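>>> Structural data only, the sequence is not supplied:
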Ligand SMILES: [Zn+2]
């Protein structure tokens, strides 16, 4: 037996376009560009980890240099070039890790070797994690990208395309790789397990696919780990134990306790989680997913078809324990808590969160509250006249009747005179002082204010520009500014008063 072990992700890496899963439109575009001989100078493959960026770049490179392309434009995997590229020892396809070769000198080396490309093959540079290059390296690269020789191609791969300079991106054709769907990952894992002659439960495959979040490489690595763990048949429990996942039964038990309003369970639940040594942030994420699944099934019975049948059935039976409003509330609480605590989530925070969730059973829904409010409103409308009078009384208290009801904005000669005297002490003639407003006798104070406010309105009406200058002059004292503000406020009160009177008359 050979001691040389090849990891699953590498062993089952696609060697033809046919084997690539989940990226059909990109594969089609690549094949067409080869077919029509319209291959661009540079391509940018972006997407989350483990979706096949470098795999596609390598396949593209292989197809470009293959001497016996199949009718379907797949590389033959038999010619010298194909074999060399598969074994990563081709001199024409150079793979550079942008994370460890990020400086200007590394890029200069590329620029220096470009001239040595042979004329009958393509020289292809695959730069992985290209966003890690320094700004200087990018600029050096840009020079080459502007006018590369005909047989030089650049394939860039990145998980963070927003960090790549726009001037680089604009010179590339761009491929955005999708996350691999849950179903496709399960299928691929099943094929690998069969090929490896390993027995594994369907539920276990679903759990691995769920945990790898659309990254096929992650899923393959997890499967690899499980195969090393034991030679027995791999079950769901086995996966939970081996990889430290949370058993879904924890959450189903929580459902039952929420239904029974058993607050005590919050402590039991947290204790179980902490003693198992699981990361609390991860538990909260799974908790969120649990309630999301319940809501999803509640809204659409046919959803969650990617879950294994056993788990799905369990979810269907549990969702009847909740109302939609409860699930909205719970999801909102978990989301808020996870944003607030981020990575500092501890057991007390988890306990509080679970307590809140269990208590949500007793919450009155917004719908019920609105219904009650509408009913209350209707009841009140039945006794509307008395309410109207109450409002009138309240308004009177706030806005006592003015002294001269019939001529509220009449300009008084005497006040005009006050403002036309243009003396520094002209304001002193107005019977107003700040202390009045703080008087305990509110009515008296308000009456005084009304007097002043009438004078102010008069002054506004008289509109003398010279007197405006007077007000702006620095000789006026601070309390006059206060007077101005106060008068503005009083004017507003006065206008409101007039409006109210008008309304009462009508
Ligand atoms: Zn070939």
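Nice, I can see it. Here the structure is a predicted model, which means the values were calculated and not measured.
>>> Around the ion, pick out the residues from the chain.
66, 75, 76, 79, 82 (C-beta under 5 Å from the ion). Any C-beta I mention is one placed from the backbone N, CA and C, and that applies to glycine too.
>>> so the second one touches residue 16, yeah?
Yes: taking C-beta atoms under 8 Å as the definition, residue 75 is a contact partner of residue 16 at 6.6 Å.
>>> Quick check on those two: which one has the bigger neighbour count.
residue 75 (26 against 17; other C-beta atoms under 10 Å).
>>> Grab the nearest non-local neighbour of the closest residue to the ion within the stretch 251-400 of the chain.
Closest to the ion within the stretch 251-400 of the chain is residue 306: 36.8 Å, counting by C-beta to the ion. Closest residue to residue 306 apart from its sequence neighbours, by C-beta to C-beta, 6 or more residues apart in numbering: residue 182 at 3.9 Å.
>>> now do residue 310
Distances taken as C-beta to C-beta, 6+ apart put residue 203 closest to residue 310, at 5.9 Å, once the chain neighbours are dropped.
>>> helices or strands up against the host helix or strand of that neighbour?
Element membership of residue 203 [criterion: DSSP states H and E] is helix 202-211. Under the contact criterion of 3 or more C-beta pairs under 8 Å, 6 or more residues apart in numbering; DSSP states H and E, helix 202-211 touches helix 182-195, helix 216-229, helix 236-243, helix 309-318.
>>> buried stuff in that helix?
By neighbour count on 16 or more other C-beta atoms under 10 Å, the buried set for helix 202-211 is 203, 204, 205, 206, 207, 208, 209, 210, 211.
>>> Tell me the one among those residues nearest to residue 367.
Using C-beta to C-beta, residue 210 comes nearest to residue 367 of those, at 33.2 Å.
>>> ok, the closest one touching residue 182?
Yes: taking C-beta under 8 Å as the definition, residue 210 is a contact partner of residue 182 at 6.7 Å.
>>> just to revisit the earlier point, tell me the residues that contact both of residue 75 and residue 16, please.
Residues touching both residue 75 and residue 16 comprise residue 59, with contact defined as C-beta atoms under 8 Å, 6 or more residues apart in numbering.
>>> returning to that earlier point: now the buried residues of helix 202-211 as JSON lines including pLDDT?
Below are the buried residues of helix 202-211 laid out as JSON lines (pLDDT from 0 to 100):
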{"residue": "203", "pLDDT": "89"}
{"residue": "204", "pLDDT": "92"}
{"residue": "205", "pLDDT": "93"}
{"residue": "206", "pLDDT": "91"}
{"residue": "207", "pLDDT": "90"}
{"residue": "208", "pLDDT": "93"}
{"residue": "209", "pLDDT": "93"}
{"residue": "210", "pLDDT": "89"}
{"residue": "211", "pLDDT": "87"}
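>>> Quickly name whichever of the residues you listed is closest to the ion.
residue 209 (32.8 Å).
>>> For the residue nearest to the closest one when sequence neighbours are not counted, grab the count of nearby residues.
Spatial nearest neighbour of residue 209, chain neighbours left out: residue 185 (4.1 Å); criterion: C-beta to C-beta, 6+ apart. Using other C-beta under 10 Å, residue 185 has 29 neighbouring residues.
>>> what's the pLDDT at residue 185?
Each residue has a pLDDT score; the one for residue 185 is 96.
>>> Do I have it right that it meets residue 206?
No: using C-beta under 8 Å, residue 185 is not in contact with residue 206, being 9.2 Å away.
>>> hmm, who's touching the helix or strand where residue 168 lies?
Using DSSP H and E, residue 168 sits in helix 166-169. Outside helix 166-169, the residues within contact range by C-beta under 8 Å, 6+ apart are 44, 130, 138, 141, 142, 145, 156, 161.
>>> quick one: average confidence on that helix?
On average, the pLDDT along helix 166-169 is 90.
>>> Stretch 344-351 too?
For stretch 344-351, mean pLDDT rounds to 90.
>>> Could you list the low-confidence segments of the stretch 251-400 of the chain?
Low-confidence segments of the stretch 251-400 of the chain (pLDDT under 70): 383-400.
>>> can you pull out the helices in it?
With helices called from DSSP state H, counting those that start in this stretch, the stretch 251-400 of the chain shows them at 265-275, 280-299, 309-318, 324-341, 347-359, 366-382, 384-398.
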